[in-house]
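Enquirer: Just a sequence and a predicted model for now, questions to come.
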Protein chains: 4
Amino acid sequence: MAEVLVVYASLFGNTQKLAQSVVEGAASVANTTTTLRTADEATIDEVRRCDALILGSPVHMGMLDWRIKKFIDSSIYQLWLVDELVGKVAGVFATGGGYGNAGSGVELTQIAMLGSLAECGMILVPFPKSAPGSEVTGSRWGPYARSGGSRMEPIGIQEEMLEGGRQYGASVARVAAALAGKDLFTRTNHVPEGENLKVFQSVNG
Amino acid sequence: MAEVLVVYASLFGNTQKLAQSVVEGAASVANTTTTLRTADEATIDEVRRCDALILGSPVHMGMLDWRIKKFIDSSIYQLWLVDELVGKVAGVFATGGGYGNAGSGVELTQIAMLGSLAECGMILVPFPKSAPGSEVTGSRWGPYARSGGSRMEPIGIQEEMLEGGRQYGASVARVAAALAGKDLFTRTNHVPEGENLKVFQSVNG
Amino acid sequence: MAEVLVVYASLFGNTQKLAQSVVEGAASVANTTTTLRTADEATIDEVRRCDALILGSPVHMGMLDWRIKKFIDSSIYQLWLVDELVGKVAGVFATGGGYGNAGSGVELTQIAMLGSLAECGMILVPFPKSAPGSEVTGSRWGPYARSGGSRMEPIGIQEEMLEGGRQYGASVARVAAALAGKDLFTRTNHVPEGENLKVFQSVNG
Amino acid sequence: MAEVLVVYASLFGNTQKLAQSVVEGAASVANTTTTLRTADEATIDEVRRCDALILGSPVHMGMLDWRIKKFIDSSIYQLWLVDELVGKVAGVFATGGGYGNAGSGVELTQIAMLGSLAECGMILVPFPKSAPGSEVTGSRWGPYARSGGSRMEPIGIQEEMLEGGRQYGASVARVAAALAGKDLFTRTNHVPEGENLKVFQSVNG
């Protein structure tokens, strides 16, 4: 039994489509409950409750969309402070276009999201070449659906790409189920409180 | 004669202090004019006009602050679309805290900003170990001032760190002066217009 | 019951010390067997057999040591081809010096190793701030022991740093035990054979 | 008048072809001399002498080839120690295959090389979308020629891709000419000597 939360940002619907496929894949695993939210909608309580958190972003200027980062800086940050996400499971996905065949920054985009999730102590699930759908959405860090050709001609999110999202959602759900409720990390007290919290936060920025 | 624009975000004044030192350093180079702006204040026209753009961010959750990314996604994006920053000069700096001595994500933070600037075709200026001040602010991609100790005890931005900012600002200003007005990149027409622009943008996200 | 394999490179013994602490930590978890190898010694069979693979490198020129990359390109590559590491567990650690307090490239070094392991479909274990020892070895991707001060004065690997290594080794071993023998990833046939294998390989390089 | 050195590794000739196009592009700029070397052949003196150094690698396991890293760790390292590359110009390129359309690690590969070059204090030249050839080799950090399709069917290096290499080589040569002989970075004494050098080196690893 695992709860999978998928949080994404989308401007023209491409990332939303891929997000829906990830949720579908997770929901296909027995005893999994799923929640799909935009970065604006998702609440701190939803993040706190989940066993697995999957973030999805369009690639904008070769990096995660600012809406996703705002969600990380405001909501996820609160749970990082108090170590509440340690040992949970995490994943990422992305969509994008851009000239050429190098992914236009998708790798840094996915690593940016994974980095904030690793910061929280979350266990990261990859997307191997053996996954069905990886011929069109293959990226080791999580599925990537290319909504534009190498000359930026629009191709949209194709059905074949959604298979990559489904497979990934299912893998993350299975890992989450295998690890749910287990406490695998020894913890020391690094949680600042009261006046210490204010001082702690003032260091950042 | 070069115009250097420094754009930063700061929550508790640490990044602001380093930003001021970068501007001071740039201003110390003959025939340089400088402008210091927060990510909220900076205008597209200011970015268009500058010969060198330097971005500064606190490290938040191991990645650039969302305010800087919003500035990139809204303002810098407009100039990327029309290739107006190609061949200009760019640089980055950051401040942060965090447990341990690994920089807590400063490297990905600086690369995130550099990546968006490289996307625009800007020439990137590093911060070598030979720079005065690098013993306390050394990071190859641009100066990093650590406002907290490895146990997150606040230490603030020290005078010695500002020297790193000044040296970097001066180096960027000199590179900008050496390259200003030169057109070193051959261009083809990759600027979408009219209906094409709408289609082009719809691919992203 | 899990088998943990730690593979490292070390020139002056610093990374070796941290590697030993990681192995110690893993061995402290019930029913775990451990193997410690340099990148020159480790065999493909040892990698094939393990439940968890942890790679450790000194930071050289801001990136993983070439000996570790040679091991990845020759040994790990063979298992990547045939998808034999999919679903296993992985981790990384590093040591280094360098001017300043930004980690001198440790983040890219750790991500470089994690990237090759994610490419193989391995599940990645982070090093959260809640881990004992993280005040001196904290890095979200895996422990980092700094063997030189910010002015490059040698400080060596301190006992306190070894605690970070032990904690990490134990966490990875526990995650490996929880996932060992489970097949959580659906696979399609992406394994090239015979003449196809030769063609496949010729694409790379 | 600028001297451009291109150093690459290649197993099946793909990266070699792109390397040749980069050299051709550089040579097309008036008053430029060029040298093309494999990572095994290039000497420290050749690196010391050049005004611009361009590194090229196949993407192997989502990261730079170990031969390139060995060249960095042995030859470039010697010049990093004594700050001899500060203020010179640098660039990168890569080739690769891999399932999917995310570039299969080309971004981290290019950043790995750029990181070592930034460590040396070299000024980095990007590859903007406005460059002729970027529709097939576009990657902000430097040209990327994809020698395999998204299903790993071999396509080889096409003539159209070589245009991207040529344009990039020419841009780097022009930036090198504009900056050659100028000393734009203030230096402090961070060069270890004699006994200090031994201690300094022992910190790494």
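Expert: That came in fine, so what should we check first?
Enquirer: Can you pull up the most central residue in chain A?
Expert: Among the residues of chain A, the one closest to the centroid is A:L55, at 2.1 Å (C-alpha atoms, centre = their mean).
Enquirer: would that residue count as being in a helix?
Expert: No. Under the criterion used here (DSSP: H, G, I helix; E, B strand; the rest coil), A:L55 is strand, not part of a helix.
Enquirer: Now tell me which helix or strand of chain A has the poorest mean pLDDT.
Expert: Within chain A, confidence by mean pLDDT, DSSP states H and E is lowest for helix A:194-202 among all helices and strands, at a mean of 79.
Enquirer: residues of it that come out buried?
Expert: A:F200, A:Q201, A:S202 (16 or more other C-beta atoms under 10 Å in any protein chain shown). Bear in mind the C-beta positions are built from the backbone N, C-alpha and C, glycine included.
Enquirer: Also within reach of chain C: list those from those.
Expert: Near chain C, judged by C-beta under 8 Å from any C-beta of the partner chain, there are no entries from those.
Enquirer: Nearest to chain C among those?
Expert: Taking C-beta to the nearest C-beta as the measure, chain C lies nearest A:F200 of the buried residues of helix A:194-202, at 11.0 Å.
Enquirer: tell me which element A:Y77 falls in.
Expert: helix A:77-81 (DSSP states H and E).
Enquirer: can you tell me if the helix or strand following that helix touches chain B.
Expert: Going down the chain from helix A:77-81, the next helix or strand is strand A:89-96, by DSSP H and E. Yes. Using C-beta under 8 Å from any C-beta, strand A:89-96 reaches chain B at A:T95, A:G96.
Enquirer: partners of strand A:89-96, with directions?
Expert: strand A:52-60 (parallel), strand A:123-124 (parallel), strand A:144-146 (parallel) (DSSP bridges).
Enquirer: Of these, flag the one that's most buried.
Expert: strand A:144-146 (a mean of 31; mean count of other C-beta atoms under 10 Å in any protein chain shown).
Enquirer: Do me a favour and average the pLDDT over whatever helix or strand comes next after that strand.
Expert: Of the helices and strands lying after strand A:144-146 in sequence (DSSP H and E), the nearest is helix A:159-179. On average, the pLDDT along helix A:159-179 is 97.
Enquirer: Mind listing what's buried along stretch A:105-113?
Expert: A:G105, A:V106, A:E107, A:L108, A:T109, A:Q110, A:I111, A:A112, A:M113.
Enquirer: farthest-separated two in those residues?
Expert: Greatest spacing in the buried residues of stretch A:105-113, by C-beta to C-beta: A:G105 and A:M113 (12.6 Å).
Enquirer: Quick check: residues of chain A near chain D?
Expert: A:62, A:98-108, A:111, A:129, A:134-140, A:144, A:146, A:150-151.
Enquirer: close to chain B, is the helix holding A:Y77?
Expert: Yes. Using C-beta under 8 Å from any C-beta, we find that helix A:77-81 touches chain B at A:Y77, A:W80.
Enquirer: contacting residues around that helix?
Expert: With C-beta atoms under 8 Å, 6 or more residues apart in numbering or on different chains as the test, helix A:77-81 has contacts from A:44, A:47-48, A:85, A:119-120, A:191-192, A:197, A:200, B:60-61, C:129.
Enquirer: What is the nearest of the residues you listed to chain D?
Expert: Nearest member of those to chain D, counting by C-beta to the nearest C-beta, is A:E119, at 18.9 Å.
Enquirer: Am I right that the closest one is in contact with B:G96?
Expert: No. Using C-beta atoms under 8 Å, A:E119 makes no contact with B:G96, being 11.9 Å away.
Enquirer: Need the residues touching each of these two.
Expert: B:G105.
Enquirer: Give me the pLDDT for A:Y99.
Expert: 88.
Enquirer: you'd agree it is in a strand?
Expert: No. Using three-state DSSP, the assignment for A:Y99 is coil, not a strand.
Enquirer: what's around the closest residue to it other than its chain neighbours, how many residues?
Expert: The spatial neighbour of A:Y99 that comes closest, neighbours along the chain excluded (C-beta to C-beta, 6 or more residues apart in numbering or on different chains), is D:G138 at 3.7 Å. By the measure other C-beta atoms under 10 Å in any protein chain shown, the count of residues near D:G138 is 24.
Enquirer: does D:G138 really touch A:A102, like I thought?
Expert: Yes. Counting by C-beta under 8 Å, A:A102 is a contact partner of D:G138 at 6.5 Å.
Enquirer: shared neighbours, the two?
Expert: Contact criterion C-beta under 8 Å, 6+ apart; residues shared by D:G138 and A:A102: D:Y144.
Enquirer: can you give me the end-to-end distance of stretch A:181-188?
Expert: 19 Å (C-alpha to C-alpha, to the nearest Å).
Enquirer: how about that stretch, does it reach chain B?
Expert: No. Stretch A:181-188 lies out of reach of chain B by C-beta under 8 Å from any C-beta, never closer than 10.3 Å.
Enquirer: buried residues in that stretch?
Expert: A:L184, A:F185, A:R187.
Enquirer: Fine by me, thanks again.
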